[in-house]
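1. here you go, sequence then predicted model.
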Amino acid sequence: MDQQETIDKLTLENEELRKQNKANEQRIAELETLLKTFQAKLFGTKSEKSASIDENQLTLWDDNRVFTWSEHNDEQSAESSQKKVQKSQKKRQKRQRQIEGLAIVREVK
């Protein structure tokens, strides 16, 4: 009888191990699928359209309003472009005045 008890005990242990093995194989398959999904998201092709939108991130068009600030009209655009041109001319004139008094040295080798 001692041998029969050992055989029964080993048979039960064998069945338990087979169940654990099957559960582990299923878990591994789930994790591999999950890994492939994450790798596709991380390394796959990207698109500007995103399925998930962060709720904490502000959007440009809240409450269906387009931009809240006013756009430049023609006069404002002309004034801003004239200011930029005047600044660059002043820098050139200042540089010309700095180099006027310098002697020109030419070396021929």
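-> Great, that's in hand.

2. can you pull the phi and psi angles for Phe15?
-> I think there's a mix-up here, since residue 15 is Glu and not Phe. Phi and psi for Glu15, reported as degrees, to the nearest 10, are phi -60, psi -40.

3. neighbours of it, how many?
-> Glu15 has 10 neighbouring residues, counting by other CB atoms under 10 Å. (C-beta placed from N, C-alpha, C; glycine too.)

4. in contact with it, which residues?
-> Neighbour list for Glu15: empty [criterion: CB atoms under 8 Å, 6 or more residues apart in numbering].

5. okay, it: pLDDT?
-> pLDDT, Glu15: 97.

6. any idea how far it is from Arg27?
-> With the distance defined as CB to CB, to the nearest Å, Glu15 ends up 19 Å from Arg27.

7. can you report phi and psi for Lys46?
-> According to degrees, to the nearest 10, Lys46 has phi -110, psi 160.

8. next, count neighbours for it.
-> Applying other CB under 10 Å, we find 8 residues neighbouring Lys46.

9. mind checking how far it is from Ala40?
-> Noted for Lys46: a distance of 11 Å to Ala40, by CB to CB.

10. then Ile7?
-> Look at Ile7 and Ala40: by CB to CB, they are 49 Å apart.

11. swap in Lys22?
-> According to CB to CB, Lys22 and Ala40 sit 28 Å apart.

12. got it, and Glu13?
-> Using CB to CB, one obtains 41 Å as the distance from Glu13 to Ala40.

13. also Ser47?
-> Using CB to CB, Ser47 is found at 13 Å from Ala40.

14. what of Glu30?
-> 16 Å.
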